[in-house]
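1. Fold the following for me, if possible:
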Amino acid sequence: MSNEVDDLGEGHSPAAWTGVLSMLFAITLGTVAFVLEVPWLVWASVGLLVVGIGTGWFLSRAGFGVNGPKYIPKSHHS
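-> Predicted coordinates for the structure are as follows:
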């Protein structure tokens, strides 16, 4: 058996990081707004969540995804 691990690079792209971080912010904001009973901010965070999904998709299609031409893989040192 080989000790080498095949790294597919899934999720290690600017598109993935941008999408996930913006969605994480939206969920956090929505949760705080829900606890503080601010309905308009809850719905605004839902909209921000959709924008985060679109941002990740758009950046991936623009070439910043794992298989995109603008993606530069980083070397992983153990």
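2. CA atoms for contacts and neighbours, from now on please.
-> Will do.
3. Quick check, residue 52 in contact with residue 20.
-> Yes. Between residue 52 and residue 20 there is a contact under CA atoms under 8 Å: 7.2 Å.
4. Who has more neighbours out of the two?
-> Neighbours were counted for residue 52 and for residue 20 using other CA atoms under 10 Å; residue 52 has more, 21 against 18.
5. can you tell me which residue is nearest the centre of this structure?
-> Closest to where the C-alpha atoms of the chain average out (CA atoms, centre = their mean) is residue 20, at 2.1 Å.
6. Can you tell me the element that one falls in?
-> helix 14-35 (DSSP states H and E).
7. Next SSE downstream of that helix?
-> Counting by DSSP H and E, what follows helix 14-35 is helix 39-59.
8. between that next one and helix 14-35, how big is the angle?
-> Angle between the axes of helix 39-59 and helix 14-35 is 170 degrees (criterion: axes from the mean of the first three to the mean of the last three CA atoms, to 10 degrees).
9. What is the neighbour count of residue 35?
-> Using other CA under 10 Å, residue 35 has 10 neighbouring residues.
10. What score does it have for pLDDT?
-> With respect to pLDDT, residue 35 scores 98.
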